[in-house]
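Colleague: Could you work out the structure for the sequence below:
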Amino acid sequence: MALNIQNISKKYVMGIEEVHALKDVSLKIDNNEYVAIMGPSGSGKSTMMNILGCLDIPTTGTYHLEDEDVSEMDDDQLADVRNRKIGFVFQTFNLIPRADVFHNVELPLIYGNIVPQKRKVMTDEAIEKVGLTDRAHHKPNELSGGQRQRVAIARALVNNPAIIFADEPTGNLDSVTGREIMGILDGLHRAGNTIILVTHEKEIAEHAHRIIWLRDGLIESDTVTQRAAATMEIVNN
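Modeller: You can find the predicted model right below:
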């Protein structure tokens, strides 16, 4: 089991108003699943992403990430879990402008106190996986939008994380480049990674094998996609 949340709620207090972003939600995602989380603005999908990605903790409920209960960890403990088990790909890339591709990808390994020689091997491997070996010493402003997102994916991969979270990974890209990026994520899933997408785009969500639709802080539906059904049919035949 990659992750298991039980009866998760999240409440924010804004002045005299209480906002219930998630309401008693339970969800299980297995290893090597490919899941998309969708929903309208205010549905709770960003809050869900933050909790699943160990960027925030629930107000109530429990969350087990693999074999660890992360529900009540402090900030330092959450940061340690994120660095060991989670890779993030963001819409805005979140790259350091003055650092080259190699250093941007290497950063999680520095935070993880990996020795320099091993860091170089792991960083080179991650950059090669996204096809940017010849751009390793270029800075972000010397790259196209698609290449920057590839750097972000390499950075997410470099720790060999249990789960890769992709938050609107094609939101700042044109349609052709977006398809290329989704092709990379599809390939990572085939290689064994657990992928969780947060998106508002139906065509992006359809790359996943399972779509979870949130509305008003609740799971409204949890369905298998046509792609998953086709894959199961091939396997069964």
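
Colleague: Tell me how far the residue nearest to the spatial centre of the chain lies from residue 208.
Modeller: Using C-alpha atoms, centre = their mean, the residue of the chain that lies closest to the mean C-alpha position is residue 165, 0.5 Å off. According to C-beta to C-beta, to the nearest Å, residue 165 and residue 208 sit 13 Å apart. Any C-beta I mention is one placed from the backbone N, CA and C, and that applies to glycine too.

Colleague: same question, residue 21
Modeller: Residue 21 is 22 Å from residue 208, where distance means C-beta to C-beta.

Colleague: Then residue 148?
Modeller: As judged by C-beta to C-beta, residue 148 and residue 208 stand 23 Å apart.

Colleague: buried sites along the helix ranked longest in the chain?
Modeller: Ranked by residue count and defined by DSSP state H, the top helix of the chain is helix 175-190. The neighbour-count check on helix 175-190 (16 or more other C-beta atoms under 10 Å) flags 177, 178, 180, 181, 182, 184, 185, 188, 189 as buried.

Colleague: secondary structure class for the closest residue to the second one other than its chain neighbours?
Modeller: In other words, residue 178. Excluding its sequence neighbours, the residue lying closest to residue 178 (C-beta to C-beta, 6 or more residues apart in numbering) is residue 170, at 3.4 Å. Under DSSP: H, G, I helix; E, B strand; the rest coil, the three-state class of residue 170 is coil.

Colleague: Do you have the strands of the chain handy? List them.
Modeller: Ranges of strands within the chain are 3-14, 17-29, 34-38, 60-65, 68-69, 86-90, 163-167, 194-198, 210-215, 218-224, based on DSSP state E.

Colleague: who touches stretch 92-106?
Modeller: 88, 107, 119, 123, 126-127, 132, 135-141, 143, 148-149, 151-152, 154-155, 158, 172 (C-beta atoms under 8 Å, 6 or more residues apart in numbering).

Colleague: hmm, try it at 7 Å
Modeller: Contact with stretch 92-106 is made by 119, 123, 126-127, 132, 135-141, 148-149, 151-152, 154-155, 158, 172, as judged by C-beta atoms under 7 Å, 6 or more residues apart in numbering.

Colleague: what's the answer for stretch 194-205, then?
Modeller: 2, 29, 31-38, 45, 49, 52, 162-168, 170, 182, 185, 188-189, 208, 211.
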